[in-house]
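Sequence first, predicted coordinates after that:
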Amino acid sequence: MMNKILTILKVIIGVVAAILFLRILSADGDALEVDTDLQNSILSPFMILAYVVFGLTVLITLLFSIKELFQGNVRKTLISIGAFAAVIIIAFFSSTGKEKQLDDGEVLSAYASKWISAGLNIFYILVVISVLAIIVSSVRKVLTNRA
């Protein structure tokens, strides 16, 4: 039943998107660049549809993720979330930040600079963990195949 509803919804969204796309293609490109009323009447519905589809996608993803979270091994999931939170905390407190003048004249605060540095540190830590996991997995596979 749910599959039929999703299929019908996908077809409806696809048809509406195709109609809106054909309206964009049929419009005069030069007039579309200059006339804001024409932009609002042709491009805005297409953008609204894109936002609706994006919102539905995020909502459905979150709902199914939460549903699967409670159906699976909750303890392992909470340990993974805690480990990720620990990586974020370690990266944040090990990062530095200083106020910086940007090219457009705006000022990047020290706190924002610290979060950017923390984001990079999180990326580096997760890359190292991933590479180590690949190496450990490969070594285990080689050792178990020899035995």
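The structure has been received and is ready for your questions.

from what I can see S113 touches E99, true?
Yes - counting by Cβ atoms under 8 Å, E99 is a contact partner of S113 at 7.0 Å. C-betas here are computed from N, CA, C, even on glycine.

More neighbours: those two, which one.
Set S113 next to E99 and count neighbours by other Cβ atoms under 10 Å: S113 wins out with 16 against 11.

who are the neighbours in contact with that one?
Neighbouring residues of S113 by Cβ atoms under 8 Å, 6 or more residues apart in numbering: G97, K98, E99, K100.

quick one: the strands in the chain?
Here the chain has its strands, by DSSP state E, at 100-101, 107-108.

so what strands line up beside the first one?
Put plainly, it is strand 100-101. Within its sheet, strand 100-101 is paired with strand 107-108 (antiparallel), according to DSSP bridges.

With mean neighbour count and distance to A118 added, can I get the strands of the chain in TSV?
Output for the strands of the chain, formatted as TSV (neighbours: other Cβ atoms under 10 Å; distance: least, Cβ to Cβ, whole Å):
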stretch	mean neighbour count	distance to A118
strand 100-101	11	15
strand 107-108	12	14
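
Read off the pLDDT value for the most centrally placed residue in the chain.
For the chain, V58 is the residue whose C-alpha lies nearest the centre (Cα atoms, centre = their mean; 9.2 Å). pLDDT, V58: 95.
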